[in-house]
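Student: show me how the following folds:
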Amino acid sequence: MVSIGKAEVGKELMSHLEIPNGADFVFADPENALYDDLDLNSGISTLMKPATAFSFRDRLFKPDGLKDLGVVLKKWNKAVYIPPKQSQAFNQGGTFIFDGARTFYAYYDESTAVHADAEQVLEMAVDVMNTRAGA
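Tutor: From the prediction side, this is the model:
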């Protein structure tokens, strides 16, 4: 996982969120280099897109859809971090599967709360690993 911010804040966040060995796989990008290279979506306009409302709607009508959100929000109650650069507050993320220089999957978060399907991404990552192991 790559995140904006300082390495020590990333380690603190992994501990706070109780992610086992999380500090081993979080990488900090305080200068925004990777975000810039990947040309991820950014800006205050990303906060006001209809996709955010649709994402919350889908969560509301999915069985136990708000359960996960409640679990996550309870853990964020003391996890408020200010990014190193003010402009980073409006960065949207993304999900990528790389094998060296080759990109197997790229998903750019359109707006807040709009993310790639985690199960689908995990399946693809396993397929990439299995293909690579068989090569």
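Student: could you find the closest non-adjacent residue to the residue nearest the centre of the chain?
Tutor: For the chain, the residue sitting closest to the mean C-alpha position, by Cα atoms, centre = their mean, is Gly93 at 5.2 Å. Excluding the flanking residues, the one nearest Gly93 by Cβ to Cβ, 6 or more residues apart in numbering is Asp109, at 4.9 Å. Just so you know, the C-beta spots here come from the backbone N, C-alpha and C atoms, and that holds for glycine as well.
Student: residues contacting that neighbour?
Tutor: Neighbouring residues of Asp109 by Cβ atoms under 8 Å, 6 or more residues apart in numbering: Leu40, Asn41, Gln92, Gly93, Gly94, Thr95, His115, Ala116.
Student: please tell me how far the fifth one sits from Pro63.
Tutor: The gap separating Gly94 from Pro63 is 27 Å, by Cβ to Cβ, to the nearest Å.
Student: same question, the last one
Tutor: Note on Ala116: its distance to Pro63, by Cβ to Cβ, is 21 Å.
Student: tell me which of the two has more neighbours.
Tutor: Counted by other Cβ atoms under 10 Å, Ala116 and Pro63 do not tie: Ala116 has more neighbours, with 18 against 5.
Student: would you mind measuring from the more buried one to Tyr105?
Tutor: When distance is defined by Cβ to Cβ, Ala116 is 8 Å away from Tyr105.
Student: again, but for Leu38
Tutor: 13 Å.
Student: overlap of the contact sets of the two?
Tutor: Phe96.
Student: doesn't Arg59 fall inside a strand?
Tutor: No: per DSSP: H, G, I helix; E, B strand; the rest coil, Arg59 lies outside any strand segment and is helix.
Student: how near is the nearest residue to it once chain neighbours are set aside to Asn41?
Tutor: Distances taken as Cβ to Cβ, 6+ apart put Gly65 closest to Arg59, at 4.1 Å, once the chain neighbours are dropped. Distance from Gly65 to Asn41, counting by Cβ to Cβ: 24 Å.
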